[in-house]
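Undergrad: quick one, structure for this:
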Amino acid sequence: MTEQEIMLATLQVHDRESALSAVELYKLAGEDLRNHASQLKQYGIIPTSAKTFFVLSETYQLADLENKDVKPPEFIIPGLLPAGLTIFAAPSKTGKSWASIDMCISVAQGKPFWGFPTAQKHVLYLDLESSESRLKSRVAALGGVFPQGITVAHRVPDLDHGLIDMLEIWLKQDQQLKVIIIDTIGRVKGSSRRNEDAYTADTRIYSGLQRLAQDYQCAIICITHTRKGVNIDAYDDPFAAIQGSVGSMAVSDCTWMIVGKRNESEKRFLATGRDINDIDITIAFDSESKRWRLLGNTEYLLEERAKAEYENSPIRKTILELLGNQPYIMRTKPEFFEDVINCTGMTPISPTTLSKDVLRMAGQLLKNDHIRVQQTAPWNGGGRRLRFTKVQD
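TA: Residues are numbered from 1 along each chain as shown. The predicted structure is shown next:
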């Protein structure tokens, strides 16, 4: 590095970030950091030798917070997407990019996304696994709306070669730019460092993006994948299935995740973060419109579907019809098997299987229809019988 390049790096120092960048250049050039101590100290960087330094922490008095006007975090999509760093993970080929493009279009127009209102802002979409032709066909499939306010790039430098500087230039030039999507983060991670473990690497990779997002109060969404071949249900915390170490979640302000079997159109969308309430909703991918549709709260949907399944059960319908106004009835397994066929037109697998299904429903029948189910002991010349008794409220 020439003296002119060192001088240029020195002239570009104007804040802590640029001072840290200059320090790295000085070290690379073999420059003694102490020669620049007076300038570096202005930004909290204290040289301790020719090649070493420490950074003073930015501090304040806790007592000062009481009367300080502190703004709450900004939201681009209230309740879903806060300013800061968001990790968006899902298995490969499950529609992350479709959801991202749809969100870009919604935010650029200020229209709701999955029922969540959006603040109309500009978007930068780093579509690093696609091309102009594919993106055009995808937007056409999503309805053919090509709104203003969305900037697209298919090739950018990685995080080792100036990506954050490039993003900061975009943010400085466009005050309305509030959403940056990196699809996918794996394309720009850069090289791993010698003797660097996964946690340290992820912390380093994501922390620079998080600081940029917080400094400019924008949302940076890093799209990634979940681990291949894992069973999400096997994890106490489903977010542990995200590729990489826990360092990514430790740094991120918000984490999104799509989970579900590949061959099923319905999936769960999970979200957690420092500034949002945990979200667990069910979404479904429409292969014609290429859009994810919000079906509702997952817990509520499961309850409603279980209720509908119970109410429409051929077992329940048969029992109610057989009981009528009688206080109780008793049926052998073969008799009840024939009853279900006659009452509902459905043919169960076998009398034994049907009997087991009846006993599994005993709790629901008692709770919802006040019908007690019992299985009697074997009687003379016959097997066990099912007894259905009306229970008084």
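Undergrad: quick check: closest non-adjacent residue to residue 16.
TA: residue 43 (4.5 Å; CB to CB, 6 or more residues apart in numbering). Heads up, the C-betas are built off the backbone N, CA and C, glycines and all.
Undergrad: same question for residue 26.
TA: residue 33 (5.7 Å).
Undergrad: can you give me the strands for the stretch 101-250 of the chain?
TA: 122-127, 150-153, 177-183, 219-225 (DSSP state E, counting those that start in this stretch).
Undergrad: relative to residue 5, which of those is closest?
TA: Set against residue 5 and scored by CB to CB, those come closest in strand 150-153, at 27.7 Å.
Undergrad: just the C-alphas of that closest one, formatted as CSV.
TA: Taking C-alpha atoms only, strand 150-153 is exported to CSV below (Å, rounded to 0.1, in the frame of the first residue of the first chain):
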residue,chain,number,x,y,z
ILE,A,150,-38.0,-1.8,-6.0
THR,A,151,-34.3,-1.9,-6.9
VAL,A,152,-33.0,-5.3,-8.0
ALA,A,153,-29.4,-6.6,-8.2
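Undergrad: hmm, residue 21 and the residue nearest to residue 16 touching each other?
TA: No: proximity of residue 43 to residue 21 does not meet the contact threshold set by CB atoms under 8 Å, at 11.1 Å.
Undergrad: of these two, who's got more company?
TA: residue 43 (18 against 15; other CB atoms under 10 Å).
Undergrad: A strand includes the more buried one, no?
TA: No: in this structure, residue 43 is coil, not part of a strand, as judged by DSSP: H, G, I helix; E, B strand; the rest coil.
Undergrad: could you list every residue that touches residue 269?
TA: 256-258, 279-283, 292 (CB atoms under 8 Å, 6 or more residues apart in numbering).
Undergrad: next step: those restricted to strands.
TA: Applying DSSP state E to these, the entries found in strands are 256-258, 279-283, 292.
Undergrad: nearest to residue 137, of those?
TA: residue 292 (18.0 Å).
Undergrad: so where is this structure shaky, pLDDT-wise?
TA: 1, 229-236, 245, 247, 379-382, 393 (pLDDT under 70).
Undergrad: quick one: the helices in it?
TA: 3-11, 16-29, 37-41, 96-109, 132-141, 163-173, 198-215, 247-251, 298-311, 314-323, 333-344, 351-360, 362-369 (DSSP state H).
Undergrad: pull out the CA atoms of the longest one and give them to me as CSV.
TA: These are the backbone C-alpha positions of helix 198-215, laid out as CSV (Å, rounded to 0.1, in the frame of the first residue of the first chain):
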residue,chain,number,x,y,z
ALA,A,198,-19.2,-21.6,13.4
TYR,A,199,-20.6,-19.4,16.2
THR,A,200,-17.9,-16.7,15.9
ALA,A,201,-18.3,-16.8,12.1
ASP,A,202,-22.0,-16.3,12.2
THR,A,203,-21.7,-13.5,14.8
ARG,A,204,-19.2,-11.7,12.6
ILE,A,205,-21.2,-12.2,9.4
TYR,A,206,-24.5,-11.0,10.8
SER,A,207,-23.4,-8.3,13.3
GLY,A,208,-22.3,-5.9,10.6
LEU,A,209,-25.6,-6.2,8.8
GLN,A,210,-27.5,-5.8,12.1
ARG,A,211,-25.5,-2.6,12.9
LEU,A,212,-26.3,-1.2,9.5
ALA,A,213,-30.0,-2.0,9.8
GLN,A,214,-30.2,-0.4,13.3
ASP,A,215,-28.2,2.7,12.3
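Undergrad: against residue 94, how distant is residue 259?
TA: 9 Å (CB to CB, to the nearest Å).
Undergrad: residue nearest the centroid of this structure?
TA: residue 256 (1.3 Å; CA atoms, centre = their mean).
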